[in-house]
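In: Prediction below, plus the sequence it came from.
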Amino acid sequence: MAVRPTAEPIAVRRLTVSDFRSYAAAAVDVDPRPVVLTGPNGAGKTNLLEAVSMLTPGSGLRRARMDELTRRGAIRWAVAARVEHAGGLTAIGTGLAGEPGSEKRTARIDGETVGPMRLGDVMSVSWLTPQMDRLFLDGASVRRRFMDRLILGFDPEHGPRANRYERAMRERLKLLKDGRRDPEWLNALEAQMVENGIAIAAARRAWKIRTARALEAGTGPFPAADLALEGTLEEGLDRGSAVEVEDGFAEALAAGRELDAQAGRTLAGPHRSDLLVRHRAKDAPAEQCSTGEQKALLIALILADARMQARERGQTPVLLLDEVAAHLDADRRAALYDEICGLGAQAWLTGTEPHLFEALGGRAQRFEVRESELAAAGN
Ligand SMILES: Nc1ncnc2c1ncn2[C@@H]1O[C@H](COP(=O)(O)OP(=O)(O)O)[C@@H](O)[C@H]1O
Ligand SMILES: [Mg+2]
């Protein structure tokens with residue numbers, strides 16, 4: 001493998017939003033340091049983080065429908081940014097376009113219209129939000145989505161791959177439910193599921209191994225954690241060759257047609273996998289840890305992923321840490337800030353109280369958000 005230069009943190013330099021959530025129009029210039037946003041509840045802090053999250057493929061940190069993002073009473077939203085990354089300075093943007101009633105999400109990179117997936121070539125963002133406090137308690141799909149999003153920052157092909165897999169899976173299930181057992185058609189769809197399914201499992205496995213290594217390399221005051229993947233394909237790849245796992249999955253799909261038709265869903269495949277996290281010192285699964293310990297585990301994971309991306313992709317993702325500071329004691333907070341600054345990451349941090357961010361000192365830039373207006377605060 002080629003030796004990479006020191007990682008370049010990705011940094012938003014100018015963010016512009018229009019008719020996005022509570023914002024009619026706003027523009028803010030920022031430097032590569034962490035960005036602290038303080039203000040009362042409902043001021044528009046999370047909306048701004050959400051705007052940054054829309055600069056990547058997918059539906060952002062609230063998993064919103066594209067029309068929900070449009071400011072009430074307005075026609076269509078847009079978010080644009082100048083982004084500094086290893087490739088230089090790039091102008092990117094995204095938003096709704098098209099005739100009212102049939103708008104679609106579009107994206108632009110340096111003025112050229114591209115599919116939103118391509119935003120991942122420029123931007124990589126990971127986030128931690130209060131909604132994720134239940135990550136270890138809810139069903140496997142939540143953890144799978146969390147992991148797949150992180151992988152997307154590492155490997156932009158992970159998204160299209162998952163889309164192809166899901167499309168083939170839906171089509172196959174429809175045929176089965178309609179009782180249309182055209183074997184050639186089914187074989188072709190199952191072949192697509194196998195090809196993309198194995199690639200998905202392999203990407204997850206590679207991510208897990210690398211992130212586990214990054215966790216091993218140091219978590220500061222955040223708990224050491226062990227990761228495991230639960231899933232036939234992922235576990236199969238631990239034991240045997242990709243070809244064996246492919247054959248096994250193809251056979252399972254062919255043999256499972258009847259049962260899948262009866263169940264009305266596809267019973268086997270990487271769409272059912274789970275990410276298992278254990279708190280090493282407690283020797284307990286994450287779901288049995290206290291709320292605070294679960295939060296600390298999530299922070300450890302996000303930071304490990306960022307370190308891993310920095311080392312292996314040569315770029316440090318932008319971090320969106322919504323209301324994270326309030327849940328940490330002063331020592332952990334200071335350690336989180338040291339970690340962020342050590343990574344050189346542009347972390348966007350929110351909180352209601354400015355004092356939560358005192359330990360950042362001159363290492364961050366601060367804004368006060370009030371009624372969806374931003375004002376520089378004591379920089
Ligand atoms: N589509 C929308 N149009 C107008 N306002 C919206 C829209 N979506 C959310 N809001 C408003 O944004 C405000 C919440 O902003 P948010 O960024 O979550 O606040 P906080 O500063 O607490 O993080 C709420 O008052 C909400 O009503
Ligand atoms: Mg908020």
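Out: Everything's here; your move. Ligands and ions are numbered 1, 2, ... in the order given.

In: Backbone torsions only: list them for Gln192.
Out: phi -70, psi -40 (degrees, to the nearest 10).

In: Hmm, Gly93 is touching Ala107, no?
Out: Yes - here Gly93 lies in contact with Ala107, judged by Cβ atoms under 8 Å, at a distance of 6.8 Å. C-beta: built from backbone N, CA, C; applies to glycine.

In: Tell me which of those two has more neighbours.
Out: Taking neighbours as other Cβ atoms under 10 Å, Gly93 and Ala107 compare with Ala107 leading, 23 against 20.

In: dump the residue contacts of the more buried one.
Out: In this structure, Ala107 makes contact with 92-94, 113-116, 118-119, judged by Cβ atoms under 8 Å, 6 or more residues apart in numbering.

In: Can you turn the buried subset of these into a selection I can paste into ChimeraX?
Out: Selecting just the buried residues from those in ChimeraX takes one command, with 16 or more other Cβ atoms under 10 Å as the test:
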select :92,93,94,114,116,118,119
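
In: The residue in the stretch 51-200 of the chain that ligand 1 sits nearest to: neighbour count?
Out: Among all residues of the stretch 51-200 of the chain, Arg72 sits closest to ligand 1, at 3.8 Å; criterion: Cβ to the nearest ligand atom. Burial of Arg72 is recorded as 8 neighbouring residues (other Cβ under 10 Å).

In: And for Asp331?
Out: Neighbour number of Asp331 under other Cβ under 10 Å is 10.

In: go on, Ala74?
Out: A count of nearby residues for Ala74, using other Cβ under 10 Å, gives 12.

In: doesn't Asp19 make contact with it?
Out: Yes - contact criterion Cβ under 8 Å: Ala74 and Asp19 qualify, at 3.7 Å.

In: Let's test this: mean pLDDT of stretch 298-318, rounded?
Out: Mean pLDDT, stretch 298-318: 93.

In: do the same with stretch 127-135
Out: Taken as a whole, stretch 127-135 has a mean pLDDT of 95.

In: which parts of that stretch are buried?
Out: Residues of stretch 127-135 classed as buried: 127-129, 132-133, 135 (neighbour count, 16+ other Cβ under 10 Å).

In: Now tabulate these in JSON lines and tack on secondary structure and distance to Ile340.
Out: As requested, those are arranged in JSON lines below (DSSP: H, G, I helix; E, B strand; the rest coil; distance: Cβ to Cβ, whole Å):
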{"residue": "Trp127", "secondary structure": "strand", "distance to Ile340": "13"}
{"residue": "Leu128", "secondary structure": "strand", "distance to Ile340": "12"}
{"residue": "Thr129", "secondary structure": "coil", "distance to Ile340": "17"}
{"residue": "Met132", "secondary structure": "helix", "distance to Ile340": "18"}
{"residue": "Asp133", "secondary structure": "helix", "distance to Ile340": "20"}
{"residue": "Leu135", "secondary structure": "coil", "distance to Ile340": "21"}
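
In: hang on, the earlier thing: can you pull the pLDDT of the residue of the stretch 51-200 of the chain closest to ligand 1?
Out: Reading off the confidence values, Arg72 has pLDDT 97.
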